[in-house]
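Student: Provide a 3D model corresponding to the input given below.
(chains A, B and C)
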Amino acid sequence: MGDILERAFFERPATEVAPELLGALIVREIDGQRVRAVVVETEAYQGMEDKACHASRGKTKRNAVMFGEAGHAYVYFTYGMHWMLNVVCDDMDLPAAVLIRALAPLDGLEAMRARRERDFGKPGWLNGPAKLCQALEIDGALNGADMCDKSTGLWFEKGFDLKADIVKQSARIGIGYATEPWLSLPWRWYVDSSSLSDLIKL
DNA sequence: CGCCAGATCCACT
DNA sequence: GTGGATCTGGCGG
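Tutor: Residues are numbered from 1 along each chain as shown, chains lettered A, B, ... in the order given. Down below sits the predicted model:
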């Protein structure tokens, strides 16, 4: 616990990184305050052949970061109002990323109150890729930021070792535009909500 | 509860 | 011009 996740951790396919990121900590510095939360839901987007992946139609201005070095943040804007946080995986020029879909609050939470006044501290207030970005003040300014460098104010640390039986899998959410088999691949990993209270006590 | 529409805008076609 | 790796509140059961 506490050691930063180094670049080598991310230099693998997103389908390997995504499940291992569960239980890790995401750390964010906002106004000199340090916020920590536990990653509890991820999705893998792997390669140009993955029809759900933004990179499937080639490199563009929007998805360019995914074609770069692993360990950097791919932050994109969607639905006219929401930011999403991914961490780039795999080799250079092989687009892959893990979408961070939900967190369990750990400490330093007050720094997030003003940004999520609507539901701060209520159950599930960090479950949702756009909600957690809002809470952690993550937006386009962080697109491309190196998450293996603490000076960016955003990185991952080793966290909890999860027992395999509390990790579940499903198809990815919100990718109705994709085609089979990508549409149904079980590339979403999450900690079952009924196991969350056990996790935080660890 | 579950279902659904509206919000809102940038990059891509 | 189109549509999204979403969230929210309103409405009906």
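Student: What average pLDDT does stretch A:192-202 get?
Tutor: Per-region confidence: stretch A:192-202 scores 66 on mean pLDDT.
Student: wait, is A:Ala73 part of a strand?
Tutor: Yes - the assignment for A:Ala73 by DSSP: H, G, I helix; E, B strand; the rest coil puts it in a strand.
Student: So what's the residue count around it?
Tutor: Around A:Ala73 there are 21 other residues, counting by other Cβ atoms under 10 Å. In short, each C-beta sits where N, CA and C put it, glycine included.
Student: Please name the bridge partners of it.
Tutor: Applying DSSP bridges to A:Ala73 gives these bridge partners: A:Val87.
Student: Roughly how far does the residue of chain A positioned farthest from its centre sit from A:Thr42?
Tutor: Farthest-out residue of chain A from its mean C-alpha position, per Cα atoms, centre = their mean: A:Glu180, at 23.8 Å. As judged by Cβ to Cβ, to the nearest Å, A:Glu180 and A:Thr42 stand 22 Å apart.
Student: try A:Gly124
Tutor: 17 Å.
Student: Could you check which of these two has the larger neighbour count?
Tutor: A:Thr42 (26 against 12).
Student: ok, now which ones touch the more buried one?
Tutor: A:18-19, A:21-22, A:98-101, A:188-190 (Cβ atoms under 8 Å, 6 or more residues apart in numbering).
Student: filter those down to the ones near DNA strand C?
Tutor: Under the cut-off given by Cβ under 7 Å from any atom of the strand, DNA strand C has A:Leu99 from those close to it.
Student: Now secondary structure too, for the contacts of A:Thr42, in CSV please.
Tutor: CSV is the format used below for those (three-state DSSP):
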residue, secondary structure
A:Ala18, helix
A:Pro19, helix
A:Leu21, helix
A:Leu22, coil
A:Val98, strand
A:Leu99, strand
A:Ile100, strand
A:Arg101, strand
A:Arg188, strand
A:Trp189, strand
A:Tyr190, strand
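Student: Can you list the strands that the longest strand seen in chain A pairs with?
Tutor: When chain A is parsed with DSSP state E, its longest strand is strand A:33-46. Its sheet considered, strand A:33-46 pairs with strand A:25-30 (antiparallel), strand A:96-107 (antiparallel), strand A:188-191 (antiparallel) by DSSP bridges.
Student: Of those strands, which is nearest DNA strand B?
Tutor: Across these, DNA strand B has its closest neighbour in strand A:96-107 (14.6 Å, Cβ to the nearest atom of the strand).
Student: Buried residues, that closest one. List them.
Tutor: Buried residues in strand A:96-107, counted by 16 or more other Cβ atoms under 10 Å: A:96-106.
Student: Pick out whichever of those sits closest to DNA strand C.
Tutor: A:Leu99 (3.1 Å).
Student: What residues does chain A have near DNA strand B?
Tutor: A:57-58, A:60-63, A:77, A:79-81.
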